[in-house]
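Peer 1: What shape does this take:
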Amino acid sequence: MTRVKRGYTARRRRKKICLFASTFIGAHSRLTRTSTQQRMRALVSSHRDRSRKKRDFRRLWITRINAVTREGRVSYSYCRFIHNLYKKQLLLNRKILAQIVLSNKICFDMISNKIINQSNTNKGIKELKNLNRIYYTGNKND
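Peer 2: From the prediction side, this is the model:
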């Protein structure tokens, strides 16, 4: 069997791993085997945390919006606010709403007051319609 000389290939592979692990601490940046293991671990963590970051930011936006919606009103919550927002077909996602809360709170208050007032007037109209409705039960006396 012929001999395969692969010193350059192996060195190039190890050098690539070393460059990746150059910022790691201690033996994790110097020894080939431990740097390979740390590299695998780092890649797994980065893959996991990319999806976790999206989740964490969504939670942060929801918390910010919830804090501001409950600030002035006693019985109004984030859940109701988002529900009424979708009912009015306002296309503002949670990220944009959280940015509005941080940068321009007065603008957010105007949006929320408009949504709250419209939902309250719609509630009153529905109740009036139900009061004015004549129900037919099928009896001869009706």
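Peer 1: can you tell me which helix or strand the residue nearest the centre of the chain belongs to?
Peer 2: When the chain is reduced to its mean C-alpha position, the nearest residue by Cα atoms, centre = their mean turns out to be Arg58, at 1.9 Å. Assigning secondary structure by DSSP states H and E places Arg58 in helix 32-72.
Peer 1: counting contacts, what elements does that helix pack onto?
Peer 2: helix 7-20, helix 78-87, helix 94-103, helix 105-132 (3 or more Cβ pairs under 8 Å, 6 or more residues apart in numbering; DSSP states H and E). Backbone N, C-alpha and C define where each C-beta goes, glycine included.
Peer 1: can I have the first one written out in CSV, keeping just the CAs?
Peer 2: Read it as helix 7-20. Provided in CSV are the C-alpha atoms of helix 7-20 (Å, rounded to 0.1, in the frame of the first residue of the first chain):
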residue,chain,number,x,y,z
GLY,A,7,0.8,16.5,7.3
TYR,A,8,-0.3,19.7,5.5
THR,A,9,-4.0,18.7,5.5
ALA,A,10,-3.9,17.8,9.2
ARG,A,11,-2.1,21.0,10.1
ARG,A,12,-4.5,23.1,8.0
ARG,A,13,-7.5,21.5,9.8
ARG,A,14,-5.9,22.0,13.3
LYS,A,15,-5.0,25.6,12.4
LYS,A,16,-8.6,26.3,11.4
ILE,A,17,-9.8,24.9,14.8
CYS,A,18,-7.1,26.9,16.6
LEU,A,19,-8.2,30.2,14.9
PHE,A,20,-11.8,29.5,15.9
